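# below: sequence and its predicted model.
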Amino acid sequence: MVKYYENITIFHFDWSQVVRGFFQRYPNPHSSHVLTEDTISREVKNGKLYSKRLLTKTNRLPKWGERFISKNVVKIVEESIVDPEAKTLTTYTKNLGYTKVMSIVEKVVYQVSDENPEWTIAKRSAWIDSQVFGFSRAIQAFGLDRFKKNCTKMSEGFNYVLTNMFPHTAQFINPKLSQMSFSMQAGHSTMDDNVTTKSSLAEDLQHSLQGKAEKVKDAAKKATDLAKQKARPIYAACQPNQS
Amino acid sequence: MNSIGETCNELKQQYDSCFHTWFSEKFLKGDTSDNTCSNLFKMYQQCVKKAMKEQHIEFKEIETNYLETEKEKKHS
């Protein structure tokens, strides 16, 4: 079963600033895992800009993951469409290779915020899948956790780039930010610098995954204890001199 | 940002800076003719495609389009 995840990020920059920043968001201090970036194709069709980029990223894995993926560089294809009339930027990203082990597909739509025309809202959807028999749940849980961490990194990095490109806008949002943090205390959203993230669905998912992980851990512990009990007499029988 | 081909970095930089200017000054302002940077893009592409071949990257997988096709995932 594919895990689905979604969240919303608000950038306190207008739409044209965000799309300009999108193509220049690497490198930034939060993107040390991004190694290379290349444009593979680009064309204007019906007034819209279609681009395809190839990114390579390092993929730090937990020890148990190394049995499935030996190389630690992943290749990612990023499709994007900029529609200057509708003021939308749609991006579609997927990993190349190892898709049976783990495939992550991410779609993000950047559009003008309804709340404030000077802001841009990014609606992110992600599908995380694994087809490794017996391990798919563990891999999906790991993938989701990694993905959520990378989302934060991505927003922080993107904001860093935007702040550098448009320092005047960034300065201007500071007073608004202090107002926001005041209203946040009464609300129930979380806030990180000038990024607002809504991820209750993902948190629910995470909780249910944690519950399942605990159960697996318990079962594993029982099995280990049992094995130890059984092994003791065998061990003793093999080492008669030391008993 | 570096290119996947070490020898392509300079061509990539030239193209990227041309593109960013065109994108901000022309495209987003309604002028959507896209031949301003096409020569730089061609030279950069030749270099990148060669580097990709050397690194055994599958073109087929990259050439597939997902957005605006039936392959695009939708949340049901």
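Thanks, I have it. Numbers count the residues shown, from 1 in each chain, chains lettered A, B, ... in the order given.
# thought A:Glu156 was touching A:His30?
Yes: in this structure, A:Glu156 is within contact of A:His30 by Cβ atoms under 8 Å, at 4.8 Å. Quick note: C-beta positions are derived from backbone N, CA and C, even for glycine.
# more neighbours: these two, which one.
A side-by-side neighbour count of A:Glu156 and A:His30, using other Cβ atoms under 10 Å in any protein chain shown, places A:His30 first with 20 against 17.
# contacting residues for that one?
A:153-154, A:156-157, A:160 (Cβ atoms under 8 Å, 6 or more residues apart in numbering or on different chains).
# what comes into contact with the helix-or-strand element of chain B with minimal mean pLDDT?
Counting by mean pLDDT, DSSP states H and E, chain B has its least confident helix or strand at helix B:59-63, which shows a mean of 81. With Cβ under 8 Å, 6+ apart as the test, helix B:59-63 has contacts from A:40, A:52, A:54, A:77, A:96-97, B:52.
# cool, stretch B:1-11 as well?
Residues outside stretch B:1-11 that contact it (Cβ under 8 Å, 6+ apart) are A:26-27, A:34-38, A:54, A:56, B:12, B:40, B:43-44, B:47-48, B:50-52, B:54-55, B:57.
# tell me the buried residues in it?
Buried positions in stretch B:1-11, judged by neighbour count with 16 or more other Cβ atoms under 10 Å in any protein chain shown: B:1-5, B:8-9, B:11.
# could you give the average pLDDT over it?
Averaged across stretch B:1-11, the pLDDT comes to 96.
# just the CA trace of stretch B:33-51, in CSV.
Taking C-alpha atoms only, stretch B:33-51 is exported to CSV below (Å, rounded to 0.1, in the frame of the first residue of the first chain):
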residue,chain,number,x,y,z
SER,B,33,9.4,33.6,-27.2
ASP,B,34,12.2,31.3,-26.0
ASN,B,35,15.1,31.6,-28.5
THR,B,36,17.2,34.1,-26.4
CYS,B,37,19.3,31.3,-24.8
SER,B,38,18.9,28.5,-27.3
ASN,B,39,22.5,28.5,-28.5
LEU,B,40,23.9,28.3,-25.0
PHE,B,41,21.4,25.6,-24.2
LYS,B,42,22.4,23.5,-27.2
MET,B,43,26.1,23.6,-26.2
TYR,B,44,25.3,22.8,-22.6
GLN,B,45,23.0,20.0,-23.6
GLN,B,46,25.7,18.3,-25.8
CYS,B,47,28.0,18.3,-22.9
VAL,B,48,25.5,17.0,-20.3
LYS,B,49,24.1,14.3,-22.6
LYS,B,50,27.7,13.0,-23.1
ALA,B,51,28.3,13.0,-19.4
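# so which of the contacts of stretch B:1-11 sit within strands?
Of the contacts of stretch B:1-11, the ones assigned to strands by DSSP state E are A:34-38, A:54, A:56.
# for chain A, what are the nearby residues on chain B?
B:1-5, B:8, B:12, B:15-16, B:19-20, B:23-24, B:27-28, B:30, B:32-34, B:41, B:44-45, B:48, B:52, B:57-58, B:61-62, B:65-68, B:72-73, B:75 (Cβ under 8 Å from any Cβ of the partner chain).
# sweet, I'm off.
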